[in-house]
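Undergrad: next come a sequence and a model predicted from it.
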Amino acid sequence: MSRTGRKPITVPAGVEVKVEGNLVSAKGPKGHVEVATHPDMKIEMEGNVIHVVRPDDTKEHKSLHGLTRSLVANAVEGVATGFTKELEVNGVGYRAAKQGKNLVLTVGYSHQVIMPEPEGLTIEVPAPNRIIVAGANKQRVGQLAAEIRGKRPPEPYKGKGIKYLDETIIRKEGKTGKK
């Protein structure tokens with residue numbers, strides 16, 4: 001049996017969870033998240049504990065069991081505490097700034113890269129070389145962070161570009177002169 005799938009999900013105080021068929025909606029202090037689960041998975045709620053039950057032991061249902069439990073748990077955790085991704089901007093003249101609801105990146109192009117802040121997510125720039133993406137939906141936070149990183153991914157020679165704060169860039173030595 002799936003170890004992840006059989007773990008119960010405890011709903012913290014201040015979070016309201018509704019289960020309607022295969023749609024789970026969680027509402028809390030950080031926002032509102034809805035998760036559409038597979039129709040074969042059964043989600044049972046007893047008091048403030050949620051259990052995900054699979055109908056049988058076929059390979060497909062085994063794999064969906066853990067996935068469904070993770071999606072529901074992430075929704076509950078997201079509306080309770082939220083998720084964040086931190087990015088770091090490295091390079092001479094490279095910087096990030098916030099202008100109204102837009103993130104403005106100066107990352108070595110002939111123009112500035114302007115990215116609007118999506119609804120439900122927040123972008124903070126505490127320093128010119130630091131970007132923090134926060135929100136209740138784990139998938140959307142990760143996707144926006146990946147899109148920001150994709151504007152100028154880090155390169156292996158000088159390490160210039162936008163990288164995750166905990167990411168390690170493997171550096172290359174570069175060419176040596178002809179002797």
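TA: Now that the structure is in, tell me what you want to look at.

Undergrad: only C-alpha atoms from now on, for both contacts and neighbour counts.
TA: Noted.

Undergrad: what are the phi and psi angles of Lys101?
TA: Backbone torsions of Lys101, given as degrees, to the nearest 10, read phi -100, psi 10.

Undergrad: by contact count, what packs against the strand or helix carrying Val89?
TA: Taking DSSP states H and E as the criterion, Val89 maps to strand 83-90. If you count contacts as 3 or more C-alpha pairs under 8 Å, 6 or more residues apart in numbering; DSSP states H and E, strand 83-90 packs onto strand 130-135, helix 138-150, strand 161-164.

Undergrad: tell me the most buried of these?
TA: strand 161-164 (a mean of 24; mean count of other C-alpha atoms under 10 Å).

Undergrad: dump it to CSV, restricted to CA.
TA: Included here for strand 161-164 are C-alpha records, laid out as CSV according to Å, rounded to 0.1, in the frame of the first residue of the first chain:
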residue,chain,number,x,y,z
GLY,A,161,21.8,34.8,-14.4
ILE,A,162,18.8,34.1,-12.2
LYS,A,163,19.0,31.0,-10.0
TYR,A,164,17.0,29.5,-7.1
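
Undergrad: neighbouring strands - and their directions - for that strand?
TA: strand 83-90 (antiparallel) (DSSP bridges).

Undergrad: which residues does the strand holding Val89 contact?
TA: By C-alpha atoms under 8 Å, 6 or more residues apart in numbering, the residues outside strand 83-90 that reach it are 95-96, 128-138, 141-142, 145, 149, 159-165.

Undergrad: quick one: mean pLDDT for that strand?
TA: In this model, strand 83-90 has a mean pLDDT of 97.

Undergrad: flag every buried residue along it.
TA: Within strand 83-90, the residues that qualify as buried are 83-90, counting by 16 or more other C-alpha atoms under 10 Å.
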